[in-house]
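>>> Using only what follows, build the 3D model:
(chains A and B)
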Amino acid sequence: MLSRKIVGTAVTLLLGLSSATAAELGPSQYNSYRDLHLETSYGALFFNESAIRAKGPRSNESLKRFWPVIGIGDLILPKQNGYCFVINHYTGNPDEAVQLYRVDITKTLLDGNTSSERVEEPYTPTSDPVSARLPSVCISGIANVTRIGLRFSSTHDTSFNREIAFRLD
Amino acid sequence: MKDRLEQLRLFFPAEVTGAYLGIKAVLENTGSLGSENMEAMLGIIAALIAVNVLIYVRAHGIVSPIWHAFIAVGFFIWVLNIDMDRYVDLILIGPYIELAAPISLIFYTLVTTVLEISPKGISNA
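I've put the predicted structure just below:
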């Protein structure tokens, strides 16, 4: 009886793991704001490969190497010293009001503890396809971090709503 | 279109067009992608236009501001056509650059032909 329970629990766990959601990077990289805005939808999330927000000349946040993030859940990203994400804020409507975008960042540390912070910034949905003022977030200070979880949202509508996570080990 | 581009290039000193192409190659060889470094290259364009003016003034004695403005516009059109991907994020022009750049080239060369404007003895050997 006990062995059946153990086997049943193990099977349940395995089924749960196999059905865990997974996000992935899209097949094509975008190298301009124009193409990012016009070829994807409002609220689309992108990982800016190699971009790191650092102080002074080391910062290369202005890189334009946008990989679309498809789906939700666990994501595999290349190893970097920091990570930057941007969101498509192009609606084509010139009369949009200022909105807020939020990113809740959860870092899992080496000792198992977690730390949380919230980034909340204003942005204006734009009708300019070459607008460089994309909602963005960069994560740094990841030396003792094993996993980062991000939850995106906006006061505009649910287009930004997304949860992803990625491991650093 | 290649002929028109070559016809336009003859208006600028080879040193200037060579400089732009050289810098473009350096950026590409160091991994610059798409429209990265656009702002820096706009600065390079401004500097090369200034060099253009200097060469025309010192080597050919041309001081007409209208001529220099005309040449500056032509140089900008030349750059947009040979480095189009870099300027897709340029305000006003970027969203339509695949149309705007070649059409501008056509009209510019048309104007130079109709008004019989020729490069002022610029050597492109």
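
>>> contacts and neighbour counts: CA atoms only from here.
Fine.

>>> Show me what counts as buried in the top helix by length along chain B.
Across chain B, the longest stretch assigned as helix under DSSP state H is helix B:38-60. By neighbour count, with 16 or more other Cα atoms under 10 Å in any protein chain shown as the criterion, the buried positions of helix B:38-60 are B:38, B:41, B:45, B:48-49, B:52-56.

>>> cool, stretch B:6-26 as well?
Neighbour-count burial for stretch B:6-26, with 16+ other Cα under 10 Å as criterion, is recorded at B:8-13, B:16-17, B:20, B:24.

>>> so of those, which ones are in strands?
Mapping these onto strands (DSSP state E) picks out no residues; all lie outside.

>>> what's the closest of these to residue A:46?
Proximity of these to residue A:46, judged by Cα to Cα, is greatest for residue B:24, which lies at 27.0 Å.

>>> so where do the helices sit in the chain?
Looking at chain A here, since you left the chain open. Remark: helices of chain A, listed N- to C-terminal, are A:2-18, A:33-39; assignment by DSSP H.

>>> please go with chain B instead
Assigned helices in chain B, in chain order: B:2-9, B:14-29, B:38-60, B:65-82, B:97-114 (criterion: DSSP H).

>>> As CSV, those helices with mean pLDDT and distance to residue A:33 would be great.
Below are these laid out as CSV (pLDDT from 0 to 100; distance: least, Cα to Cα, whole Å):
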stretch, mean pLDDT, distance to residue A:33
helix B:2-9, 87, 27
helix B:14-29, 95, 19
helix B:38-60, 94, 12
helix B:65-82, 95, 17
helix B:97-114, 94, 14
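
>>> Can you say which of the ones you listed is nearest to residue A:124?
Across those, the minimum distance to residue A:124, taken as Cα to Cα, is reached by helix B:38-60, at 22.8 Å.

>>> Could you export the closest one as CSV, CA atoms only?
Taking only C-alpha atoms (Å, rounded to 0.1, in the frame of the first residue of the first chain), the coordinates of helix B:38-60 have been written out as CSV:
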residue,chain,number,x,y,z
MET,B,38,23.2,55.0,-36.0
GLU,B,39,23.7,58.1,-33.9
ALA,B,40,27.4,57.9,-34.1
MET,B,41,27.3,57.5,-37.9
LEU,B,42,25.1,60.6,-38.1
GLY,B,43,27.9,62.4,-36.4
ILE,B,44,30.4,60.9,-38.9
ILE,B,45,28.2,62.1,-41.8
ALA,B,46,28.2,65.6,-40.4
ALA,B,47,32.0,65.6,-40.0
LEU,B,48,32.4,64.2,-43.6
ILE,B,49,30.1,66.9,-45.0
ALA,B,50,32.3,69.5,-43.3
VAL,B,51,35.4,67.9,-44.9
ASN,B,52,33.5,68.0,-48.2
VAL,B,53,33.0,71.7,-47.8
LEU,B,54,36.7,72.2,-46.9
ILE,B,55,37.9,70.3,-49.9
TYR,B,56,35.6,72.2,-52.3
VAL,B,57,36.7,75.5,-50.8
ARG,B,58,40.4,74.9,-50.6
ALA,B,59,41.0,72.7,-53.6
HIS,B,60,38.4,74.2,-56.0
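
>>> which residues touch that helix?
Contact partners of helix B:38-60, identified using Cα atoms under 8 Å, 6 or more residues apart in numbering or on different chains, comprise B:12-13, B:16, B:20, B:62-63, B:68, B:72, B:75-76, B:86-87, B:89-90, B:120-121.

>>> hang on, the earlier thing: and the helices of chain A, which one's lowest on average pLDDT?
For the helices of chain A, the weakest mean pLDDT is recorded on helix A:2-18, namely a mean of 50.

>>> any chance of the buried residues of stretch B:6-26 in JSON lines, plus distance to chain A?
Putting these into JSON lines (distance: Cα to the nearest Cα, whole Å) gives the following:
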{"residue": "B:8", "distance to chain A": "28"}
{"residue": "B:9", "distance to chain A": "27"}
{"residue": "B:10", "distance to chain A": "31"}
{"residue": "B:11", "distance to chain A": "31"}
{"residue": "B:12", "distance to chain A": "29"}
{"residue": "B:13", "distance to chain A": "31"}
{"residue": "B:16", "distance to chain A": "27"}
{"residue": "B:17", "distance to chain A": "25"}
{"residue": "B:20", "distance to chain A": "21"}
{"residue": "B:24", "distance to chain A": "16"}
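
>>> thinking again about what came up before, could you dump the helices of chain B to TSV with distance to residue A:30?
Listed next are these as TSV, based on distance: least, Cα to Cα, whole Å:
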stretch	distance to residue A:30
helix B:2-9	28
helix B:14-29	16
helix B:38-60	15
helix B:65-82	20
helix B:97-114	17
